[in-house]
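In: Can you look at this prediction? I've put the sequence above it.
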Amino acid sequence: MKILVTGGLGFIGSHTVVELQNEGFEVVIIDNLSNTTEKVIDGIVAITGKKPIFEKMDLRDKADVKDFFARHSDVSGVIHFAASKAVGESVENPLLYYENNINTLVYLLQELSQKPEAQFIFSSSCTVYGQAEEMPITEDASVQPAISPYGNTKQIGEEIIRDTAKVTNVNAILLRYFNPIGSHPSAEIGELPIGVPQNLVPFITQTGMGLREKLSVFGDDYPTIDGTCIRDYIHVVDLAKAHVVALQRLIGNKNEQKVETFNVGTGTGSTVLEVINTFEKVSGKKLPYQIVGRREGDVITAYANTDKANNVLGWKAQSTLEDGLASAWKWEQKIRS
Ligand code: UD1
C-alpha cells in the first residue's frame, strides 16, 4: 500500500517513514525542505534499506497538490506532518502560519475526499488543552482558546477534518502529541533545528556540545515539586509507531468513529530540572544552566492520560526519558563530529 507522508523529511516525519517501511508500506514523501534537507533520505535508507519516493513540493500550491494526486492515484492514506511549529514565529507572522498549516490541509483534503475511501492521520498537539484543570489529561478535557496562531492552526485543523469527515469518505485519526524528543537509536536520523533551538531537549544537547553557553530554565517558582514546569516527553520512535498503528486501524476499518482522537504521551510528567539531571546522568556531562523568568505562554503542567491510546488504539510508549535523552545526545554528537 502506498502512503503519502507530507513533511516526511522532518523530525517526526522521517521517523514515521522508517516505521512505515519497516511494516511493509510503500512511502511517497512530499516535503518543501523549508526546515530539513534531502540528506535525511540517506538516513532512512541506511536504517531500512529502502528508498522512499521523494517529491520536493510545496503544498501551498493547490495545482501541484492536484497534479500529485493525479499522478499517484493509488494513494489513499495520508499522514500529514507538513506544518510550521514555532510558537513565537507564529505570533510574529500569523498569516504565514494560517497559510502553511491551514491552506495545505484544505488542499490535501479536497483531493483525498474525492476518493472512495481515504485514511488521514493528523499531527495535533497537547497545546489544544491549554492549562488543563486535571492531570493526567484525558481526550475529554476541554479544548481551550489558543494562545498562539500556531496552537490555533491545530485546533482549526482538527475542526476542518471533523467537518470534512462528516460528509465525505475520509476517516481520520487526530494524534495529540505531548513533547517529542530523541532520535532513532541508530543515530542515522534525528532532530535538525535551524538556528537557536526553542525546545528544551535540542537546547540541552547543543549546550552539552558547547554550542550554547548555558541553558536558561524558564521559571522555578511554579507550583510543582521543584518549581519548574512539568511535561510529558515522548520518544520520537514511540510516537512514530503510534502513527503506523493509527493508520492500520483505519485501513482495517477498526475505527469506531469517523474521526478519533488520541493522546500520544508516556503518561509520566517530568520537570525541567529532572530532564537536566537525567541528561547529566546519561551524558556524564555537567550541564551549565541558569534560572531565568517564566516564558510567556508556558503552561505549568501537561502530561497525558494514555488509557485510550493503550486500550483502544493498542499502542503504548516503550521508551523512558533516559532512552530519549541518550538517543538525542548520541545524535547531537554524531552530527557535530
Ligand atoms: C512547545 C510549544 C507547544 C508546541 C511544541 C512544539 C510553547 C509555549 N509551547 O511546547 O505549543 O506544540 O513546543 O514543539 O512554546 N524550557 C526551558 N528552557 C528552554 C526551553 C524550554 O526551561 O530553553 C522549558 C519550558 O519552559 C517548558 C519545557 O522546557 O517547561 C519544555 O519546553 P519546550 O520544549 O519548548 O516545549 P513546550 O513549551 O512544552
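Out: Nice, thanks for sending it over. Numbering: from 1, shown residues only.
In: mind checking the SS state of Ile29?
Out: Of the three states, Ile29 takes strand according to DSSP: H, G, I helix; E, B strand; the rest coil.
In: Now do the contacts for the closest residue to it other than its chain neighbours.
Out: Among residues not flanking Ile29 along the chain, Gly8 sits closest, at 3.3 Å (CB to CB, 6 or more residues apart in numbering). C-beta coordinates here come from the backbone N, C-alpha and C atoms, glycine included. Shown in contact with Gly8 (CB atoms under 8 Å, 6 or more residues apart in numbering): 14, 16-17, 27, 29-31, 52, 54, 79, 81.
In: Top of those residues by number of neighbours, please.
Out: Among the contacts of Gly8, the one with the most neighbours (other CB atoms under 10 Å) is Val17, at 33 neighbours.
In: is it fair to say it lies in a helix?
Out: Yes - under three-state DSSP, Val17 falls within a helix.
In: Could you pull up the residues touching it?
Out: Neighbour list for Val17: 5, 8, 27, 29, 44, 52 [criterion: CB under 8 Å, 6+ apart].
In: re earlier: look up which helix or strand the residue nearest to Ile29 falls in, please.
Out: Gly8 is part of no helix or strand, with elements assigned from DSSP states H and E.
In: Distance-wise, check it relative to the ligand.
Out: To the ligand, Gly8 is 18 Å away according to CB to the nearest ligand atom, to the nearest Å.
In: Please apply the same query to Asp307.
Out: For Asp307, the distance to the ligand equals 22 Å [CB to the nearest ligand atom].
In: That residue and Thr138 touch, don't they?
Out: Yes - between Asp307 and Thr138 there is a contact under CB atoms under 8 Å: 7.4 Å.
In: quick one on the thing from earlier: using CSV, lay out the contacts of Val17 together with pLDDT.
Out: Compiled in CSV, the contacts of Val17 are given as follows (pLDDT from 0 to 100):
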residue, pLDDT
Val5, 99
Gly8, 98
Val27, 98
Ile29, 98
Ile44, 98
Pro52, 98
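In: Check those residues and tell me the two furthest apart.
Out: Farthest pair in those (CB to CB) is Val5 and Ile44. Separation: 10.6 Å.
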